[in-house]
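Peer 1: Build the 3D model from these lines:
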Amino acid sequence: MAAIYSLYIINKSGGLIFYKDCGTKGRMDTNDSLRVASLWHSMHAISQQLSPVNGCSGIELLQADTFDLHCFQSLPGFYIFTFLHLPLFYVFFFLLLVDSFSCIPSGTKFFVVCEPGTPHMENLLRFIYELYTDYVLKNPFYEIEMPIRCELFDINLTQAVQSDRVALLGR
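Peer 2: Presented below is the predicted three-dimensional model:
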């Protein structure tokens with residue numbers, strides 16, 4: 001049985017920009033996946049506003065009887081840290097491509113639906129975010145906030161999910 005059922009990436013406006021069905025159970029059609037993404041975005045935003053704790057980033061884990069939903073939200077400026085291994089020239093060149101610091105992605109949410117109790121989903125989501133920054137945001141043909149259609153991202157994402165699944169089966 002697959003540990004990961006599906007993966008969603010939604011933009012800061014709540015629009016579904018990527019969906020990948022990784023399991024064999026409960027496959028959804030396009031409309032259902034759009035509804036789930038929109039509902040999650042709304043619940044996440046409401047939880048940030050209702051939280052009594054200042055600086056709450058929203059729901060990170062939703063546990064149910066038959067699934068867990070783990071969420072990772074990219075933070076403003078977090079993207080820059082992925083460039084620290086590059087020469088400074090390349091970082092400035094990238095910033096010129098995105099036009100200004102205000103265009104650096106923020107508010108993009110990555111969430112995965114998986115079996116209850118599946119370990120290390122936070123690490124997998126962070127790795128998926130790294131793949132997103134490496135293969136999608138650095139793609140000169142990709143427009144921010146638009147649906148992701150990047151073959152290298154899809155191939156590497158499939159490999160990451162498969163390797164994570166193999167690691168989970170060896171537990």
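
Peer 1: what residues are up against residue 60?
Peer 2: Residues near residue 60 by Cβ atoms under 8 Å, 6 or more residues apart in numbering: 70, 71, 72, 122. Where you see a C-beta, it was placed from the backbone N, CA and C, and this is true even at glycine.

Peer 1: try 6 Å this time
Peer 2: By Cβ atoms under 6 Å, 6 or more residues apart in numbering, the contact list for residue 60 reads residue 71.

Peer 1: do residue 41 as well
Peer 2: Counting by Cβ under 6 Å, 6+ apart, residue 41 has contacts 10, 14.

Peer 1: center of this structure, which residue is that?
Peer 2: residue 110 (2.2 Å; Cα atoms, centre = their mean).

Peer 1: and the helix or strand harbouring that one, what other elements does it pack with?
Peer 2: Counting by DSSP states H and E, the element that carries residue 110 is strand 109-114. With contacts defined as 3 or more Cβ pairs under 6 Å, 6 or more residues apart in numbering; DSSP states H and E, strand 109-114 has these neighbours: strand 4-10, strand 68-73, helix 121-131.

Peer 1: which SS state does the closest residue to residue 48 other than its chain neighbours fall under?
Peer 2: In this structure, residue 48 finds its nearest non-sequential neighbour in residue 58, 4.5 Å apart by Cβ to Cβ, 6 or more residues apart in numbering. Counting by DSSP: H, G, I helix; E, B strand; the rest coil, the backbone at residue 58 sits in coil.

Peer 1: Residue 47 versus residue 58, what's the distance?
Peer 2: 5 Å (Cβ to Cβ, to the nearest Å).

Peer 1: now residue 29
Peer 2: Residue 29 sits 27 Å away from residue 47, going by Cβ to Cβ.

Peer 1: go on, residue 59?
Peer 2: 5 Å.

Peer 1: Tell me which of these two has more neighbours.
Peer 2: residue 59 (19 against 15; other Cβ atoms under 10 Å).

Peer 1: show me the contacts for that one.
Peer 2: 44, 47 are the contacts of residue 59 under Cβ under 6 Å, 6+ apart.

Peer 1: Give me the phi and psi for it.
Peer 2: Main-chain torsions, residue 59, degrees, to the nearest 10: phi -70, psi 130.

Peer 1: before we move on, back to that, export the helices and strands packed on strand 109-114 to CSV and append columns for distance to residue 20 and mean pLDDT.
Peer 2: What follows is these, written out as CSV (distance: least, Cβ to Cβ, whole Å; pLDDT from 0 to 100):
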stretch, distance to residue 20, mean pLDDT
strand 4-10, 5, 92
strand 68-73, 15, 92
helix 121-131, 10, 92
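
Peer 1: Kind regards, and thank you for your time.
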